[in-house]
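Colleague: Below are the sequence and a predicted model for it; my questions follow.
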Amino acid sequence: MEKKKVIYSAMQPSGVPTLGNYLGALRNWTNLQEEYNCVFGVANMHAITVRQDPQDLRKRTKDIMALFLALGLDPEKNIIYVQSDVKAHAEIAWILNCFTYMGELNRMTQFKDKSQKHSDNINAGLYTYPVLMAGDILLYQSDLVPVGADQKQHLEICRDIAGRFNGVYGDVFKIPEPYIPKVGARIMGLQNPEKKMSKSESENQNNIIYIFEEPNVIRNKIKRAVTDSGSEVYYSEDKPGISNLLNIYSSVTGKSIEEAVKEFSGVGYGEFKLAVADAVVDTLAPIQQRYKEYSSDKAYIEKVMKEGAEKASYIAEKTLNKVKKKIGYPIYK
Ligand code: TRP
């Protein structure tokens, strides 16, 4: 039997997950679990590169686990786990730091952005964040990593680090490739459709729809979304607001943009927005329902976390041991 390829991805437990996270990434994950061996992490070690409230962080970590389950990720078929539960992450990160050049890290655009945003706390962790991330991917000998535009540079540096290590020690790491999903959506903010809908851009709450938001709140936000001049619903660069709503509608309904435009020909902005809102609410409702059930079952979530950590550690340790042998750490029989 042909071995399934390994796909790795992770999500930080910082902020509250948005419709953008769902349509851009999370939704695809559930489609991958039949075809691939999937490893999905809650990247809480990444999250502490900016200050976190401890209680909040712990809660959000569990919430993301509950979200994974609510999305339909099966903990028997995939590995879903919390990064800090697998010690190998910290260990490999140090080793890989010694195979990463400062010049490479200096070029990372996310570091530049984040150090501007958190200018009071430009810590070394923020700087070596891409190395920690490279370790995540390489520990599981991942073939593929689903990446959006914002993570592309991180995957590039991961490939460079892995290639450099392999160049010295032989084929230790699988060099990962980007996975471009068949259907992917780049969802923009409702108030600022020129910029991605992101949980870190949360100054204006009306800009973002959260996965767990109440239906009436979602409806109101979509009603208030900025629209463009004119009154017709069509897809065009000079109509970023309407085009974004069309994208959202198309990705939650599975209809193509052309179909959607046809459906709304002759329909005003107001009516169009109501239809988009209904479609979004209908898509999120079952996830919200399952999320409620899972998150109230603390014992089950903990069990999934513990078992996930064990399965992840088993694979991660195998790679780590190979690496330790190669670089000359002691070996015990
Ligand atoms: N840095 C990613 C983000 O902020 C999260 C992440 C951590 C990740 N480790 C990863 C993504 C490994 C893909 C692969 O979205």
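Modeller: It's in.
Colleague: In this protein, which helix is the longest?
Modeller: Scanning the chain for the longest helix, with DSSP state H as the assignment, gives helix 298-327.
Colleague: Now do the helix or strand where residue 286 lies and helix 298-327, the angle between them.
Modeller: Assigned by DSSP states H and E, residue 286 belongs to helix 269-296. Interaxial angle of helix 269-296 relative to helix 298-327 (axes from the mean of the first three to the mean of the last three C-alpha atoms, to 10 degrees): 80 degrees.
Colleague: what is the mean pLDDT for helix 269-296?
Modeller: For helix 269-296, the mean pLDDT works out to 97.
Colleague: now do stretch 46-56
Modeller: For stretch 46-56, the per-residue pLDDT averages 96.
Colleague: tell me the strands in the stretch 51-200 of the chain, going along the chain?
Modeller: Under the criterion DSSP state E, counting those that start in this stretch, strands of the stretch 51-200 of the chain are mapped to 79-82, 144-146, 177-179.
Colleague: between these, which one is nearest to residue 185?
Modeller: Closest to residue 185 of the strands of the stretch 51-200 of the chain is strand 144-146 (C-beta to C-beta; 12.9 Å). Heads up, the C-betas are built off the backbone N, CA and C, glycines and all.
Colleague: How about that closest one and the ligand, any contact?
Modeller: Yes: on the criterion C-beta under 6 Å from any ligand atom, strand 144-146 is in touch with the ligand at residue 145.
Colleague: who does that strand touch, helix- and strand-wise?
Modeller: With contacts defined as 3 or more C-beta pairs under 8 Å, 6 or more residues apart in numbering; DSSP states H and E, strand 144-146 has these neighbours: strand 6-11, helix 27-32, strand 177-179.
Colleague: Out of those, flag the one nearest the ligand.
Modeller: Each of these has some distance to the ligand by C-beta to the nearest ligand atom; the shortest is strand 6-11, at 3.8 Å.
Colleague: Going by neighbour count, list what's buried in the helix or strand that the closest one is followed by.
Modeller: Next helix or strand after strand 6-11 toward the C-terminus (DSSP H and E): helix 19-21. By neighbour count on 16 or more other C-beta atoms under 10 Å, the buried set for helix 19-21 is 19-21.
Colleague: ok, now stretch 306-319?
Modeller: For stretch 306-319, the neighbour count (16+ other C-beta under 10 Å) marks 308-309, 311-313, 315-317, 319 as buried.
Colleague: need these in CSV with distance to residue 275 and pLDDT, can you?
Modeller: Shown next, in CSV, are the buried residues of stretch 306-319 (distance: C-beta to C-beta, whole Å; pLDDT from 0 to 100):
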residue, distance to residue 275, pLDDT
308, 39, 98
309, 44, 98
311, 43, 98
312, 42, 98
313, 47, 98
315, 45, 98
316, 46, 98
317, 51, 98
319, 49, 98
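Colleague: Contacts (any at all) between the ligand and stretch 61-77?
Modeller: No: judged by C-beta under 6 Å from any ligand atom, stretch 61-77 makes no contact with the ligand; its nearest approach is 11.2 Å.
Colleague: Look at residue 295 and say how many residues are nearby.
Modeller: 19 (other C-beta atoms under 10 Å).
Colleague: Tell me how far it lies from the ligand.
Modeller: Applying C-beta to the nearest ligand atom, to the nearest Å, the value for residue 295 to the ligand is 22 Å.
Colleague: Quick one: residues contacting that residue.
Modeller: Taking C-beta atoms under 8 Å, 6 or more residues apart in numbering, we find residue 295 in contact with 62-63, 66, 301.
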